[in-house]
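1. No sequence on hand, only this structure:
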């Protein structure tokens, strides 16, 4: 389950990706989402799903705030009784992925051009009809933004987009 | 062939019986509650139990405030039990109040049967959803086999770490289902492990700051009382010679008879405590949360001071005011750790300076023919000498009760500080009276607040609860009127109010009732109310337009402090008083 909301924010505030492990209990997502709205914190996206341990859920939160606000967000997340662990991945090397399904209206003329763009972005065509193709794109938020931007000139009929999921990178080689 | 019949070594019990047995395991001796359809089974199970006293309040809000009062006065968790739907929603204000003031209470709400949840069933409300942001934690019990463990956990969460309200929602069918009762001996929650000891590295940094300071101040909050650390705090202040100011909830954590006491700080704090905080070079916050009523404008609060902050809740650290040395831990434990490591400071000059401020700017008011609330409170203070539980409501009298009563012991000052809930005093005092049978219990309200939970007079009368109920009647919502006078060009919008004849009202409830209208009657009436065993109602007709000073207007700095005006003319009952005498008191 995920939601993405656009809230006007102070652009000087940095974007943070926070990973939360919490007891997989009834209402856990509500406790976290409710805390964000009660405290007036920005919530760009929140995703939640099971982990390797079925009693634990992982939530990935993308938010913005200055250092003091991020410090409070982490403390408030820790304060929730069901929270097991909170990690701000922002300062670590981490892997992140978002997924988007993009349904595009096509004509016989532009179908191949669309397919080329999809190929460049290593996306997949997962559905095709006489008048549409549906593209699956995964990658960083920026990459998903980019493919959507490239497909914009065509007739995008619908987009379904997840929030971000992220994990800390274990091997940090040279860039 | 032999027939195998399942035999259980223990008797099967219904959820309702397990609930009652669990409360007994938690050593709950009193429950404030109100029955209804969804909890009728629980009430049936309670019927035969002599270990638990059930007090039938006259409104569920009263039950929760009573549980709060009981918890605040005793240090033990308070318990409320109500039915589903409106019974549950009526607890919301009390729960929010307990959340803001970190009071350990456990509220049990009935719920419709599991299969009806979500169906808009009769008396259904999503109370777990409603109370999520105002509880420390809450539970919906979906399986009778989890009931005992959930109750165990609820009490554990409510009373440990930073205390707070916990709600447990009990569906009717779950409470009728049978299982074997076994109460867990211990609680282990991998996601909730409050740590209580201060980190030595942080203690070292704090000690270094303390040793260097010339003008230190201890800023003591309600956390000190919640952690039962008044004794340690007093030892710490006396050993280090550091003057003490307390928040509204900190009153009683340090004896106000001690030379080091400066009384309360903040919006209506003493002139000298606010002055000392403004000029101090070290501020040690102990179980306090830098609330806006204390700090005013945060970046101008204690501007010259390094700040140490002892608090069990990490989210309180640097939330409002950035501190130099945070110490996360239980106040009692941290003070016990610090005590052997600190030495006496030479603060003679600083204490002398504060003493001079006290003489120049004492708390004061003009007394006259007609009754001032300050005078009533001062009189009770002199009669009880700190040996009473003072329970205030919200408004002007609340601030005067903080200023003009001299607090000596912890858990003797109960008020709704964070949420500011009018109607708190009467039911909370009732709850406190069940906890402290050794002390007189004073409930003070304005004529506004008393009418918000008036129904509890019936409960008080029924159980002959010895609460002295003082109604300070100025015919106004006095604090709002004061703000309208000072900041809204004296446009008194909807603050004047009619009230009943409180003496007749007392008679209607079968409670002795008196009225005082002149200052000269105050001594006798106070004496009389203490002589009467059981509840008493006293209405004090007080001057109509007296203001609470000193005052730092909301969001402003120490430099905008309004001290008590020397020429305060108070229109009294359409008559101008001329023969006024100045009364001054200082804390410490």
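-> Cool, the structure landed. Only a predicted model underlies this, so the values are computations on that prediction, with no experimental measurement involved. Numbers count the residues shown, from 1 in each chain, chains lettered A, B, ... in the order given.

2. what does the stretch 101-250 of chain B put close to chain A?
-> Within the stretch 101-250 of chain B, the positions adjacent to chain A are B:128-129, B:132-133, B:136-137, B:140, B:142, B:157, B:189-192 by CB under 8 Å from any CB of the partner chain. Every C-beta, even on glycine, is put in place using the N, C-alpha and C of the backbone.

3. hmm, which of those residues are the buried ones?
-> Among those, the ones that count as buried by 16 or more other CB atoms under 10 Å in any protein chain shown are B:128, B:132, B:136-137, B:140, B:157, B:189, B:191-192.

4. so what's the residue of the stretch 1-150 of chain B found nearest chain A closest to, chain neighbours aside?
-> Taking CB to the nearest CB, chain A has its nearest neighbour within the stretch 1-150 of chain B at residue B:137, 4.2 Å off. Leaving aside its sequence neighbours, residue B:137 sits nearest to residue A:81 (CB to CB, 6 or more residues apart in numbering or on different chains; 4.2 Å).

5. What of residue B:523?
-> Using CB to CB, 6+ apart, the nearest residue to residue B:523 is residue B:379, at 6.4 Å.

6. swap in residue B:410?
-> With CB to CB, 6+ apart as the measure, residue B:230 is the residue that lies nearest to residue B:410, at 4.0 Å, once sequence neighbours are left out.

7. quick one: terminal-to-terminal distance for stretch B:140-156?
-> With CA to CA, to the nearest Å as the measure, stretch B:140-156 spans 16 Å from end to end.

8. Quickly list what the residue of the stretch 1-150 of chain B closest to chain A is bridged to.
-> Under DSSP bridges, the beta-bridge partners of residue B:137 are residue B:166.

9. could you list every residue that touches the closest residue to chain A within the stretch 451-588 of chain B?
-> In the stretch 451-588 of chain B, no residue comes nearer to chain A than residue B:555, which is 18.0 Å away by CB to the nearest CB. For residue B:555, the contact set (CB atoms under 8 Å, 6 or more residues apart in numbering or on different chains) comprises B:292, B:296-297.

10. and after the longest strand along chain A, which helix or strand comes next?
-> What stands out as the longest strand in chain A, according to DSSP state E, is strand A:94-105. If you walk from strand A:94-105 toward the C-terminus, the next helix or strand you reach (DSSP states H and E) is helix A:111-120.

11. How about residues contacting that next one?
-> Outside helix A:111-120, the residues that touch it by CB under 8 Å, 6+ apart are A:104, A:106, A:124-125, A:133, A:135, A:137, A:147, A:150-151, A:154.

12. Need the per-residue pLDDT for residue A:171.
-> The score at residue A:171 is 77. That number is its pLDDT.

13. what about residue 82, neighbour count?
-> Just going to use chain A. The criterion is other CB atoms under 10 Å in any protein chain shown. On that basis, residue A:82 has 20 neighbouring residues.

14. please go with chain B instead
-> By other CB under 10 Å, neighbour count at residue B:82 equals 29.

15. ok so, going back, centre of the chain to the longest strand of chain A, how far?
-> 9 Å (CA atoms, centre = their mean, to the nearest Å).

16. Other residues contacting it?
-> Among residues not part of strand A:94-105, those counted as contacts by CB under 8 Å, 6+ apart are A:17, A:114, A:126-127, A:131-141, A:144, A:147-148, A:151, A:154-169.

17. If we go by neighbour counts, what in it is buried?
-> Neighbour-count burial for strand A:94-105 [16+ other CB under 10 Å]: A:94, A:96-100, A:102-104.

18. returning to what we had before: any chance of a markdown table for the contacts of residue B:555, columns pLDDT?
-> Putting the contacts of residue B:555 into a markdown table (pLDDT from 0 to 100) gives the following:
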| residue | pLDDT |
| --- | --- |
| B:292 | 94 |
| B:296 | 93 |
| B:297 | 94 |
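
19. In strands, which of the residues you listed fall?
-> Those of those lying in strands (DSSP E): none at all.

20. List the ones among those that fall in helices.
-> Of the positions in these, residue B:292 sit in helices, assigned by DSSP state H.

21. From the contacts of residue B:555, list just the buried residues.
-> Among the contacts of residue B:555, those classed as buried by 16+ other CB under 10 Å are residue B:296.

22. now, which of the contacts of residue B:555 sits nearest chain A?
-> Comparing the contacts of residue B:555 against chain A with CB to the nearest CB picks out residue B:292 as the nearest, at 15.5 Å.

23. Residue 86: how many residues sit nearby?
-> Just so you know, I chose chain A. Other residues lying near residue A:86 total 20 when counted by other CB under 10 Å.

24. wrong one, I was asking about chain B
-> Residues lying near residue B:86 (other CB under 10 Å) number 12.

25. Assess the claim that it and residue B:123 are in contact.
-> Yes - the pair residue B:86 / residue B:123 is scored as a contact, 6.7 Å apart, by CB atoms under 8 Å.

26. Specify which residues of the chain, grouped into ranges, have pLDDT under the cut-off.
-> Picked chain A for this. Within chain A, the stretches with pLDDT under 70 are A:1-12, A:172-175.

27. The chain in question should be chain B.
-> Using pLDDT under 70, chain B drops low at B:1-9, B:567-576.

28. Count the residues that sit near the residue nearest to residue B:523.
-> Burial of residue B:379 is recorded as 17 neighbouring residues (other CB under 10 Å).

29. In contact with residue B:150, which residues are there?
-> Listed by CB under 8 Å, 6+ apart, the contact partners of residue B:150 are B:139, B:141, B:168.

30. now, which of the residues you listed lie within strands?
-> B:139, B:168.

31. Can you name the residues in contact with stretch B:364-371?
-> Stretch B:364-371 is touched from outside by B:372, B:374-375, B:516-520, B:522, B:540-543, B:546, B:564, B:568, B:570, B:572-573, B:577, B:579-585, with contacts defined as CB under 8 Å, 6+ apart.
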